[in-house]
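In: for reference, the sequence and a predicted model appear below.
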Amino acid sequence: MATLLSSVEIPIFLCLFTVVYTILSSVHGDEELIRKVCSKTSSPDVYCLGCLHTNPRSPELDVRELAGTAIFCACNQSDATVAAFNRYATMTSDQDLVNAFAYCADAADIVGEKATVALSSWGDGNYKDSEDELNSARDVDIVNCRTELNKTFSKAGKPPFPQELQVEFTGLLGVVTIAEEIVEQI
């Protein structure tokens, strides 16, 4: 009997399909537009160029299509952040830590949902709606996640929360910000 893909496997499948498709259809072109677009963001090198270079077709794309790539990066970063927090939640028996990790995973998931809506709006040509949704994603109380984790780790007499989670968390905020900034350029 055939089984359908689970809700976890579907995003992974879509991500792998997209990566394979873009690699197979890549053509190297001029990167001047990418550099120009990224220079107008708050993080031109780390988040903007890093994100846009995940799509080998980026040098062929216009600003509108680069915005779609950036929003897609925000969706992917959200998934990675949720997965990291969930992974850490399974590695502890401390219920306060489990709750703090779950809180952060939920916040990152909300950011991902908003980025998904932004991607849909972008695809429909509703760029202002897309920008508004990304702005709303930045307003999600994910910053409180850092505070909650630090309080919980401190209360448990443990060091600050793991570097990997800080990188995921910071990356999520960074990619959502540059996605919004690129959509603004359309």
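Out: Yep, that arrived.

In: have a look at the chain and report its longest helix.
Out: In the chain, with assignment by DSSP state H, the single longest helix is helix 95-123.

In: how far off helix 95-123 does whichever helix or strand comes after it point, in degrees?
Out: Once the chain leaves helix 95-123, the next helix or strand it forms, by DSSP states H and E, is helix 127-138. Orientation of helix 127-138 against helix 95-123 (axes from the mean of the first three to the mean of the last three Cα atoms, to 10 degrees) gives an angle of 170 degrees.

In: who does the helix or strand just after helix 127-138 touch, helix- and strand-wise?
Out: Sequence-wise, the next helix or strand downstream of helix 127-138 (DSSP H and E) is helix 143-155. For helix 143-155, the packing partners by 3 or more Cβ pairs under 8 Å, 6 or more residues apart in numbering; DSSP states H and E come out as helix 95-123, helix 163-183. Where you see a C-beta, it was placed from the backbone N, CA and C, and this is true even at glycine.

In: so, low pLDDT: which residues of the chain?
Out: Low-confidence segments of the chain (pLDDT under 70): 1-30.

In: which residues touch the nearest residue to Y47 once chain neighbours are set aside?
Out: Leaving aside its sequence neighbours, Y47 sits nearest to G174 (Cβ to Cβ, 6 or more residues apart in numbering; 4.0 Å). Counting by Cβ atoms under 8 Å, 6 or more residues apart in numbering, G174 makes contact with S43, V46, Y47.

In: tell me, how many neighbours does the second one end up with?
Out: Meaning V46. Residues lying near V46 (other Cβ atoms under 10 Å) number 13.

In: do the same with the first one
Out: When counting by other Cβ under 10 Å, one arrives at 17 neighbours for S43.
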